[in-house]
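>>> Predicted model and sequence follow; I will ask about them next.
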Amino acid sequence: MIFATVGTQLPFDRLLSALNDWAHLNPNVPVTAQTGAIRTQYAHLTCHTHLDQAAFAAQMAQASVIVAHAGMGTILAAAEAGKPVILMPRRAAYGEHRNDHQLATAAEMAVLSNVTVIDDARDLGAALATTLAATLAKTATVQPRLAATASPRLLDTLKDFIWLENTRPARGPLMIRGRMRA
Amino acid sequence: MPPSPSRPRPTRLLAVSSGGGHWVQMLRLRPAFAGAEVHFASVDPSSAQMVAPAPFHRFPDANKDRPFRLILTALRLAVIVARVRPDVVISTGAAGGYLAIRIARLIGARTMFIDSIANARELSVSARLSKGVADRVLSQWPGVAENHGTEFCGAVI
């Protein structure tokens, strides 16, 4: 099956409409989507406006291919699950996001072996055909899973920061002689 | 680095993030929190089960396009900070993280804002605002850190 997610905040009809059209032409492949809070009906997708964390993880685990906006939550979750993901960045010009940062995210994340980036909904069918074929050929199902931890350098930076005491006196405007007023 | 025996209680850490990618990035930082008393604060109640038995505090999601919600978010975060009384606040964004850091500075907490790895070209608005407030502001991209006068200390991947 295919799991599509466009987050839970803003609509992303350009991607979901294209996926709905694809699902209409490919009725043998079930497609589930987390759509965000929208009223649009997609007849050929099993839609959920909002999946909780456990349900999201379950859909991710069942899917053979993920289709998504270029959101880091989905990209990291797909990489941790070792699933191929097709990303289409949201564009501010179409009112799909507050800015165009997803273009940069998608461009940078394209280096991950499980990521395919499309810029136009017309490219979705070809990307799905390629990815599904690779999945069936068992080449895409052996995607290496990304370890679920940050880089050692960032973790060490955090540890030093957390355990570094007395870097400056623990005293804010609401503290008097070390005792908290509020 | 275990807490020093002279300390009356373990270092208390408040980890604050919005939902979606901000939350997923926070989860990837957890190995660095070992030994601290960690409280999480985020927007999706179902996130609590992912960090149980650690205490989880929910706050309403908001961004700069929803100023009224932002006030509710700030009030809720003020309650959370007052209850938890953290020694350290870590945030992976976005608006809620900045607000929590501002509030936590009032009680003398050490604070760090880590901008989302999604911001590969420009620093986020929340990170820019945090620059004057947080002890440390990190970008996950060296070029962004250089252009915006923040630190680069690795990334969540």
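Received, thanks.
>>> drop to CA atoms for contacts and neighbour counts, all remaining ones
Will do.
>>> Relative to chain B, how far out is the nearest residue to A:Thr49 once chain neighbours are set aside?
Excluding the flanking residues, the one nearest A:Thr49 by CA to CA, 6 or more residues apart in numbering or on different chains is A:Gly36, at 4.5 Å. Separation of A:Gly36 from chain B (CA to the nearest CA, to the nearest Å): 12 Å.
>>> can you tell me which residues contact A:Gly36?
Contact analysis of A:Gly36 by CA atoms under 8 Å, 6 or more residues apart in numbering or on different chains lists A:Val6, A:Gly7, A:Thr8, A:Gln9, A:Leu10, A:Pro11, A:His48, A:Thr49, A:His50.
>>> which of these are buried?
A:Val6, A:Gly7, A:Thr8, A:Gln9, A:Leu10, A:Pro11, A:Thr49, A:His50 (16 or more other CA atoms under 10 Å in any protein chain shown).
>>> Could you dump those residues into CSV and include pLDDT and secondary structure?
What follows is those, written out as CSV (pLDDT from 0 to 100; DSSP: H, G, I helix; E, B strand; the rest coil):
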residue, pLDDT, secondary structure
A:Val6, 96, coil
A:Gly7, 88, coil
A:Thr8, 85, coil
A:Gln9, 83, coil
A:Leu10, 89, coil
A:Pro11, 93, coil
A:Thr49, 95, coil
A:His50, 93, coil
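>>> Got the phi and psi for B:Glu122?
B:Glu122 adopts backbone torsions of phi -130, psi 150, taken as degrees, to the nearest 10.
>>> circling back to that earlier point, identify, from the buried ones among the contacts of A:Gly36, the entry nearest to chain B.
Using CA to the nearest CA, A:Gly7 is the member of the buried ones among the contacts of A:Gly36 that lies nearest chain B, at 7.1 Å.
>>> Touching, that closest one and A:Ile38? I think so.
No. Applying CA atoms under 8 Å as the test, A:Gly7 and A:Ile38 come out as separate, 11.6 Å apart.
>>> any low-confidence regions in chain A?
Applying pLDDT under 70 to chain A flags residues A:139-143, A:165-182.
>>> Mind telling me which residue of it is nearest chain B?
Per CA to the nearest CA, the residue of chain A with the smallest distance to chain B is A:Gly73, at 3.4 Å.
>>> For that residue, give its distance to B:Gly20.
Computed as CA to CA, to the nearest Å, the A:Gly73 to B:Gly20 distance reads 5 Å.
>>> Grab the most central residue of the chain for me.
Because you didn't say which chain, this covers chain A. A:Thr74 (1.7 Å; CA atoms, centre = their mean).
>>> wait, I meant chain B there
Short answer for chain B (CA atoms, centre = their mean): B:Ser91, at 1.4 Å.
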